[in-house]
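S.K.: Sequence first, predicted coordinates after that:
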Amino acid sequence: MNNFSYNVTARSGHGRAHCAIIETPHGCIETPNFIFCATHGAIKGATMDQIKATGAQFVLGNTYHLWLQPGPDVVERHGGLQRFTGWQGPMLTDSGGFQIFSLGYGGVVDEIKGKKDQSARPHSLLKITEDGAFFRSYIDGTLCFLSPERSVQIQQKLGADFILPLDECTPFHMKKEETAASMQRSHRWEARSLQQFFTTYNAQQRMYGIVQGGVYEDLRRESIDFVNSQPFFAQAIGGSLGGSKQQMYDVVDFTMRYLVQDRPTHLLGIGGLRDILEGVQSGVDTFDCVHPTRIARHGCALIAKPEAEFAKEHINLKNKIYREDFSPIDPECDCYTCRNFTRSYLHHLFKAKESTGGLLLTIHNARFMVRWMESIRRAIREDRWATFYKQHRG
RNA sequence: GGUGGGGUAUCCAAGUGGCUAAAGGAUGCAGACUGUAAAUCUGUCAGGGUUUCCCUUUCGAGCGUUCGAAUCGCUCCCCCACCA
């Protein structure tokens, strides 16, 4: 029997926006949907139950982090990530490919903005060879080696429903020839990942392919052809998406135009509200991003577009204007935080450095993302996507 | 009453002749955050202006030494510790 399936349930007739159901051994995911990041096997700042209560359906963990700590064997002896973390629904593990980028080249922020260099954070990525990547463990400094085969083996022990092949996420500021060489190596790594995946096959898992190629259309085409030709269950768009929002939208749309449509498609690491809107329009099924949970811990709450000043998708509760604002973050929101607490109280919690502030905003932001994705699906299902899309582009 | 230590910006706290409108924290005010080494990081923080520069007022108070003082001297006011 097949535990996995992907079925499109509604098409918008405008762009490639559609609804689908992804079936996994741990339940179904309705798409378009958002995947919450539990890098170390925990949603930072909240419990799995609290995230579940927001209506979240899908959670992601990270191979690199869980490999270093507590180690894949410990997770395996629990019976897999779901048992280990308490998240009973569908899960995905990232391969560690992004760490080749983030620990080696710098933050994505500066990439998107097209900046060259930033923080003086020491880079713990030591070297990338054809075999794999050498890291210096950020925990104890020991030398670590992550290869495509190794990443798959670790992910098989972690036991998430979906796994990703190790790839090299290249920075925006990289010459085309280098991006091409990196992409081709990613393809070889993906092929090796598939080989390992099938050699030590686990019927409870499926693998994604990853499209690379940076901002170059011909490279993206080459990468799309590669991914389309390989026996992946699903596919993801990775790598640099450009130096501006518009370029990102263009790269994603271009990529979606040529990717096969009978697989779930994931856009890696993107989670802005507008970004998701554009991704859905281009035909993306799922998104993941640390943004909603991270900004929550930093005092920011996602808010609905009409209330947002200009293009801002969040408000900063640490700002003085909320000191005596006795309204909830969003009166329309049905989350635990909005039903019980004022902006003033949240402002106070952050000023007082009470970690409950981070918890309450994490709950709100998670619920906000869930509601945002629900409203997108509803618009597609009810055949008013074109209007919805135009209205929310601003 | 005696001896010793000390009073620096909103708070804590460096500085013991010029490079000091004064290190570093904290607080305050803002910004950033997109496959999480992030409950983190960055900026700003005496006042004013024609704001890559200029002016005014600052280191308990006052007077003095000096080309020049938060820094040296004298007097005074407060605080702390120990001894009577």
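M.R.: Okay, I see it.

S.K.: ok, now which ones touch residue A:148?
M.R.: A:132, A:165-166, A:189-190, A:192-193, A:196 (CB atoms under 8 Å, 6 or more residues apart in numbering). (Glycine included, C-beta is placed from N, CA and C.)

S.K.: let's go with 7 Å and repeat that
M.R.: Residues counted as contacts of residue A:148 (CB atoms under 7 Å, 6 or more residues apart in numbering) are A:132, A:165-166, A:189, A:192-193, A:196.

S.K.: ok, it to RNA strand B distance?
M.R.: Between residue A:148 and RNA strand B the distance is 11 Å, computed by CB to the nearest atom of the strand, to the nearest Å.

S.K.: I'd like to know how far that residue sits from residue A:100.
M.R.: As judged by CB to CB, to the nearest Å, residue A:148 and residue A:100 stand 12 Å apart.

S.K.: cool, and residue A:227?
M.R.: To residue A:100, residue A:227 is 19 Å away according to CB to CB.

S.K.: Tell me how many other residues crowd the residue lying closest to residue A:156 once chain neighbours are set aside.
M.R.: Leaving aside its chain neighbours, residue A:156 sits nearest to residue A:202 (5.4 Å; criterion: CB to CB, 6 or more residues apart in numbering). Residue A:202 has 12 neighbouring residues, counting by other CB atoms under 10 Å.

S.K.: And residue A:294, by the same measure?
M.R.: Residue A:294 has 17 neighbouring residues, counting by other CB under 10 Å.

S.K.: So it: helix, strand or coil?
M.R.: Three-state call for residue A:294 (DSSP: H, G, I helix; E, B strand; the rest coil): helix.

S.K.: Residue A:126 belongs to a helix?
M.R.: No: using three-state DSSP, the assignment for residue A:126 is strand, not a helix.

S.K.: count of neighbours near it?
M.R.: Residue A:126 has 14 neighbouring residues, counting by other CB under 10 Å.

S.K.: distance of residue A:45 from RNA strand B?
M.R.: Remark: distance between residue A:45 and RNA strand B (CB to the nearest atom of the strand) = 6 Å.

S.K.: what's around that residue, how many residues?
M.R.: Quick note: residue A:45 (other CB under 10 Å) scores 22 neighbours.

S.K.: Return the residues in contact with it.
M.R.: If you count contacts by CB under 7 Å, 6+ apart, residue A:45 has them with A:293, A:296-297, A:358-359, A:362.

S.K.: Check what pLDDT the nearest residue to residue A:227 once chain neighbours are set aside gets.
M.R.: Distances taken as CB to CB, 6+ apart put residue A:209 closest to residue A:227, at 3.9 Å, once the chain neighbours are dropped. On pLDDT, residue A:209 comes in at 98.

S.K.: can I assume residue A:209 sits in a helix?
M.R.: No: Residue A:209: not assigned to a helix; according to three-state DSSP it is strand.
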